[in-house]
Each structure stands twice: as structure tokens, then as C-alpha cells.
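Would you be able to build a 3D model of this:
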Amino acid sequence: MLLNPLLSLSRSPSVLQRPSSLLRPLSSSNLPPIQGGSSSPSLYCRSLVQRLDHDAFLTSYFWPAGRKKDAFFALRAFNIELASIQETVSNPAIGRMRLQFWRDAVRDLSNGLPPPLHPIPLLLSQTTTPSTRDLTAYYLNQIIDAREANLLDPPPPTLTSLLTTLSTTSTPLHLLSLSLLTPTPPAYITSSVQHLSLSIGLTNLLRALPFHLSRRRAVGLPLDLCAKERVVMEKVFRIASGKEGGEGGLSQVKGLREVVWEVAVRANDELMTARRELELEGGTGFPVGKEFMPVFLSAIPARSYLQRLEQLDGDAFDPSLQRRHWRVPLDVWLAWRRGRF
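Numbers count the residues shown, from 1 in each chain. Sure thing, here's the model as predicted:
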């Protein structure tokens, strides 16, 4: 019998991945089917997260069983659905119509009204209490607003503006996850989670680069950094689509690796700040209490990616970075045992 049940997950075939928590895998082969439905919202959300948000599924093993774990799956499934809208619609008007469905569902949740017959609103309704409805609706509406603002895929002008965008998408997602564990977390925990969410958001952006470039989508890299390193995005898109050759492909595009490196450095800085926040303002430092640790486990896949990116000298297009790393499940388990990330 395995001492660590997560080790069995690392033995599944490696699949070329879009970044977890944002996008779906490129290939659906060897992935579990979506199960459940309106008759079993919990099973549906769990299956959706297992299939399309592998990082979150790894950390779910350490969430308290029952309502809190179901609420976590509902939240992550909600995030998957919203992120997929931008990927599946070509007309912003259609995207806004789909987002309106989720606005209406959140409004009904906030007002205590019966949810629509969709597994995700059903599970959100089942796991939200009258005392938490307003806070849940507040964070969910923040995510919806941010997704609508980004329907046109505008590239951020600066790294600061990119962080501002992440503070309205990744940060509400993680703060709401924290509130599921404890309604009134200490200030130092909240501050640490905010910085952690920015680190994860930046890391997911880098993980998405190969996929987005292959589809000629805006890659989210700050325009000021691209201009500074003289990166010509049109040339990058031509190489990514195979319309223009180049020795070494995207890995050798002038300046692109430097832009990736600057974003990765900021992601690592935010991760380091998240750690330091635990020791400031009355924080208890490490080990982190088990009542908060499930949220901080999200740092482990991001940390693993940044470490491997550093080993590859900032080459975000190395194929090894697009596969699940065998050690991540083990590192998640060790982080839980030690209370450190």
C-alpha cells in the first residue's frame, strides 16, 4: 500500500497541458470522463476539476471532507467554466451572454433563491450558508467582471497592469478558497494568500505561452517588457504557426526568453513575499497551521514550474515544461506534512 496516495496520480501518462486553473488540456486522451450532472453536482464538479484543473485536484486531497471540500470543487469548477468562455467564443457579445448566465446564478445565490439546474450553481447553493452568501457572491462577481473585461484579450501594457488584472481574477479565487476554511483568517494569512495568488497567476501565464502562441492568441506578456527586449510579436506568431522557420524555434526568438525571465522573477518574488508575510505583523511563521494549509498547497505546482524554468534558463517552450512532473504530488504531500511551501 502506498504511504502517499498522491503518488498513484503521478503514474498517469504525461499529457501536454494548458495551465491548470485556467485552461483545458490540449489532449483529452487518457483523461477521466466528466461524471455526474444536476443529479449529482458534487460528482460533476469533482470530475470536472480532476479532468481540467490537475493542480487543484492534487490539493483537494487535503481539504476537510464534507461541505468544505465540496465548496472547493464548486469554486474551482466555476473558475474553469468562466475561463473556458474566452477560449470557446469568437464573438465578445456571445461571451457576455454566457457570462450573464453566471451573473444571474450568483445573484440568485446571494438572494437565497433556487439555483438554475446546472451542477455548479447547484453545488454552490448547497455549500453556501446564509452567513457566507454575501462574501461568496462578492468574490464570484469580481471574477465575472474581470473575465468580461478581458473578453477581447487585450495584452497588458505593463507588468503592473498585469498584476492588477490578476488581483481581480486569481486573488478573489484564492481569498474565497481561504474563506471556505475559516471565515475570519488573520491579516497575515490573508496578505500571504494575496501575494501567493499573484505568483500563481504569473506562473500560469508562462505555462500557457506555448498553447496561446499556437493559436495566435494574445499571450498576456506585458507590452513594455516586449518593447524593451525588442520582441516582434508578429514574428513570434509566424514561427509558432510554422509560417516562418527559425533555428531553435520559439526558444531562440530574440528577447522572448528575457521577457519570460522577467515575469518569472516577479512570480518568484511574489512567492517569497508570501512566505515572509507569515512572519510579519504577528504572524506565526512556519509551520503553517493545518486549518490554512490547503490553500497554500497551491504554491507547490507553481514553485515546481519556476524551478524547472530556471534550470532551463527561462526557456518556456521546452517540451518538458508542458508535462506533469512526477515529483509534484510527492511535494504536495510533503508540504502538507511539514506545513511549509
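
So, low pLDDT: which residues of the stretch 201-341 of the chain?
Scanning the stretch 201-341 of the chain with the threshold set as pLDDT under 70 gives 241-248, 281-284.

Recalculate using a threshold of 90.
210-220, 231-254, 278-287, 322 (pLDDT under 90).

Just the buried residues of the longest helix along the chain, please?
Looking across the chain with DSSP state H, the single longest helix is helix 187-214. For helix 187-214, burial by neighbour count (16 or more other CB atoms under 10 Å) applies to 188-189, 191-213. No exception for glycine: its C-beta is placed from N, CA and C like everyone else's.

C-terminal to that helix, what's the next element?
Counting by DSSP states H and E, the next helix or strand C-terminal to helix 187-214 is helix 223-228.

Can you name the residues in contact with that next one?
Applying CB atoms under 8 Å, 6 or more residues apart in numbering, the contact partners of helix 223-228 are 155, 156, 157, 158, 159, 233, 255, 259, 262, 263.

tell me the contacts of the first one?
Spelled out, that is residue 155. 218, 219, 220, 221, 222, 223.

So what's the residue count around the nearest residue to residue 157 once chain neighbours are set aside?
Distances taken as CB to CB, 6 or more residues apart in numbering put residue 223 closest to residue 157, at 5.1 Å, once the chain neighbours are dropped. For residue 223, the neighbour count with other CB atoms under 10 Å is 17.

Just the terminal-to-terminal distance for stretch 321-333.
21 Å (CA to CA, to the nearest Å).

and that stretch, how far out from the chain's middle?
Stretch 321-333 has its C-alpha centroid displaced from the chain centroid by 16 Å (CA atoms, centre = their mean, to the nearest Å).

same check, this time on stretch 165-182
In terms of CA atoms, centre = their mean, the centre of stretch 165-182 is set 11 Å apart from its chain centre.

What residues of it count as buried?
Applying 16+ other CB under 10 Å to stretch 165-182 flags 165-167, 169-181 as buried.

Could you check how many residues crowd around the residue lying closest to residue 158 once chain neighbours are set aside?
Nearest in space to residue 158, with sequence neighbours left out and distances taken as CB to CB, 6+ apart, is residue 224 at 4.8 Å. By the measure other CB under 10 Å, the count of residues near residue 224 is 16.

tell me the contacts of residue 313?
So residue 313 contacts residue 257 (CB under 8 Å, 6+ apart).

make that residue 296, sorry
Residues near residue 296 by CB under 8 Å, 6+ apart: 192, 193, 196, 288, 335, 341.

Could you check how far it is from residue 277?
For residue 296, the distance to residue 277 equals 11 Å [CB to CB, to the nearest Å].

quick one, what contacts residue 156?
Applying CB under 8 Å, 6+ apart, the residues near residue 156 are 162, 165, 220, 222, 223.

Export these to JSON lines and append columns for distance to residue 117.
Shown next, in JSON lines, are the contacts of residue 156 (distance: CB to CB, whole Å):
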{"residue": "162", "distance to residue 117": "37"}
{"residue": "165", "distance to residue 117": "33"}
{"residue": "220", "distance to residue 117": "35"}
{"residue": "222", "distance to residue 117": "42"}
{"residue": "223", "distance to residue 117": "43"}
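
Between those residues, which sits nearest residue 74?
Minimum distance to residue 74 across the contacts of residue 156 is 23.9 Å, recorded for residue 165 (CB to CB).

what sits against that closest one?
146, 149, 150, 156.

Hmm, which of those residues is lowest in pLDDT?
When the contacts of residue 165 are compared by pLDDT, residue 150 scores lowest at 87.

Next, the contact list for that residue, please.
Residue 150 neighbours (CB under 8 Å, 6+ apart): 86, 165, 169.

re the thing from before, which one of the contacts of helix 223-228 sits in the busiest neighbourhood?
The most crowded member of the contacts of helix 223-228, judged by other CB under 10 Å, is residue 259 (25 neighbours).

Grab the nearest non-local neighbour of it.
Using CB to CB, 6+ apart, the nearest residue to residue 259 is residue 225, at 4.7 Å.

now do residue 104
Computed as CB to CB, 6+ apart, the closest residue to residue 104 that is not its neighbour in sequence is residue 116, at 7.5 Å.

What of residue 135?
residue 179 is the one closest to residue 135 (CB to CB, 6+ apart), at 5.9 Å.

And for residue 327?
residue 304 (7.0 Å).

what about stretch 165-173, how long is it end to end?
Stretch 165-173 has its terminal residues 13 Å apart, counting by CA to CA.

what mean pLDDT does it have?
Stretch 165-173 shows a mean pLDDT of 96.

Over to stretch 122-138?
Stretch 122-138 shows a mean pLDDT of 94.

before we move on, what about stretch 179-199?
So the average pLDDT for stretch 179-199 ends up being 95.
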